[in-house]
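K.L.:
Sharing a model prediction with you, sequence too.
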Amino acid sequence: MGVYPPFLLSETPKLSIAMKKQYNQAPLPFMGQKRKFLKQFKEYLNECSDESVFVDLFGGSGLLSRTTKDHFPFAKVVYNDFDNYQQRIKAIPVTNKLLSDIRKIVAGLAKDKKMPDAYKSKILKRIKKEAGYVDYITLSSSLLFSMKYVLTYEALEKETFYNVVKLSDYDASGYLDGLEIVRMDYRQLFDRYKDNNNVVFLVDPPYLSTETGTYTGYWKLANYLDVLNVLNSKSYFYFTSNKSHILELCQSMSDNSNYKNPFENAVVSTTQNTMNYSSSYTDIMLFKNYSASW
């Protein structure tokens, strides 16, 4: 994976900070964004210094980076856009035009119901007219059953369409402002900042044994354990779920060997997520501040 040269967008003038748009969720659909944790996240940010360097190793939708920059407007916040979310943001005008045309096609159809094949064909024909980049993840949220998404036209045409088309345009104005954006493997980024005594790492790796989007294949236990190396003696926010059992594994290793549990004395917050009427899981956030006295 090549590295995009980092760039820093112009800082927001002090007088306009209060007037900036505040984001409580990512402006475009993204699986795994931590919007339900923002309240707890901001509470524990208060225990960090505004002179810290915040490094979002698995940037995802950038919501944690955006929230941190809004909380500490003059702090350095590094957003690792490994999934190339900025490309999707740049494509918003195209996406909005596509959705506007799709709304016209489905006008009169019942909401939240399966589309007849004739309407699906018209939509696919319209999408195929686009010669450049198409944000299939965002389109998926307006055309496919809840929580399903595809990455290509070929995958989209195999799916059943539903009339869940978004009724308003997307807007990401100011979302990336002030962030230092890079695109690299998280280990390279960690190595760049590991010797900074004032660094706080934001660590939100993909879920264990799930598809990982830009990361090829599955995120396995070995990958999870590798990530834990960045938590030793560094302040961090770490996100996982009860599906991973990583906390229990680390505690067991600590109890039965000389393994140093990186989560020892960390503050734990949880939130419940419901997938459907019969399936739910617990999201977990851990915060540890090595500059504090434990």
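P.N.:
Perfect, thanks for sending it. Numbers count the residues shown, from 1 in each chain.
K.L.:
Give me the pLDDT value at residue 229.
P.N.:
At residue 229, the model reports a pLDDT of 82.
K.L.:
From residue 199, how far out is it?
P.N.:
Between residue 229 and residue 199 the distance is 15 Å, computed by C-beta to C-beta, to the nearest Å. The C-beta positions use only the backbone N, C-alpha and C, and glycine is treated the same way.
K.L.:
So between these two, which is more surrounded?
P.N.:
With neighbours defined as other C-beta atoms under 10 Å, residue 229 and residue 199 compare such that residue 199 has more, 20 against 12.
K.L.:
List the contacts of the more buried one.
P.N.:
52, 53, 54, 55, 193, 234, 235 (C-beta atoms under 8 Å, 6 or more residues apart in numbering).
K.L.:
pLDDT below threshold where in the stretch 51-200 of the chain?
P.N.:
In the predicted model, the stretch 51-200 of the chain carries no residue with pLDDT under 70.
K.L.:
among the contacts of residue 199, who's most crowded?
P.N.:
Ranking the contacts of residue 199 using other C-beta under 10 Å puts residue 55 first, with 29 neighbours.
K.L.:
what helix or strand is it on?
P.N.:
Residue 55 is part of strand 53-56, with elements assigned from DSSP states H and E.
K.L.:
which stretch of helix or strand covers residue 141?
P.N.:
Using DSSP H and E, residue 141 sits within helix 136-143.
K.L.:
That helix: what's the following helix or strand?
P.N.:
Next element after helix 136-143 (DSSP H and E): helix 153-156.
K.L.:
Check which helices and strands the helix holding residue 141 sits against.
P.N.:
helix 92-106, helix 153-156 (3 or more C-beta pairs under 8 Å, 6 or more residues apart in numbering; DSSP states H and E).
K.L.:
what secondary structure does residue 160 sit in?
P.N.:
coil (DSSP: H, G, I helix; E, B strand; the rest coil).
K.L.:
so what's the backbone phi/psi at the closest residue to it other than its chain neighbours?
P.N.:
Distance criterion C-beta to C-beta, 6 or more residues apart in numbering; nearest residue to residue 160, sequence neighbours excluded, is residue 114 at 6.2 Å. Backbone torsions for residue 114, taken as degrees, to the nearest 10, come to phi -60, psi 140.
K.L.:
circling back to that earlier point, which of the helices and strands packed on helix 136-143 is buried the deepest?
P.N.:
helix 92-106 (a mean of 16; mean count of other C-beta atoms under 10 Å).
K.L.:
roughly how far out does it sit from the chain middle?
P.N.:
How far helix 92-106 lies from its chain's middle: 24 Å, per C-alpha atoms, centre = their mean, to the nearest Å.
K.L.:
and that helix, C-alpha only, in CSV?
P.N.:
Extracted in CSV, the C-alpha atoms of helix 92-106 (Å, rounded to 0.1, in the frame of the first residue of the first chain):
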residue,chain,number,x,y,z
ILE,A,92,-20.7,13.6,-2.9
PRO,A,93,-21.8,15.9,-5.8
VAL,A,94,-21.9,12.9,-8.1
THR,A,95,-23.6,10.8,-5.4
ASN,A,96,-26.3,13.4,-4.8
LYS,A,97,-27.0,13.8,-8.5
LEU,A,98,-27.4,10.0,-8.8
LEU,A,99,-29.7,9.8,-5.9
SER,A,100,-31.8,12.7,-7.2
ASP,A,101,-32.3,10.9,-10.5
ILE,A,102,-33.1,7.6,-8.6
ARG,A,103,-35.7,9.4,-6.5
LYS,A,104,-37.4,10.4,-9.8
ILE,A,105,-37.4,6.8,-11.0
VAL,A,106,-38.9,5.4,-7.8
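K.L.:
Which strands and helices lie in contact with that helix?
P.N.:
Helix 92-106 packs on helix 117-128, helix 136-143, going by 3+ C-beta pairs under 8 Å, 6+ apart.
K.L.:
these two touch, right, residue 259 and residue 251?
P.N.:
No: the criterion here is C-beta atoms under 8 Å, and residue 259 misses it with residue 251 at 9.6 Å.
K.L.:
Next one: the nearest residue to residue 170 once chain neighbours are set aside from residue 171, what distance?
P.N.:
Excluding the flanking residues, the one nearest residue 170 by C-beta to C-beta, 6+ apart is residue 92, at 5.1 Å. Distance, residue 92 to residue 171, using C-beta to C-beta: 7 Å.
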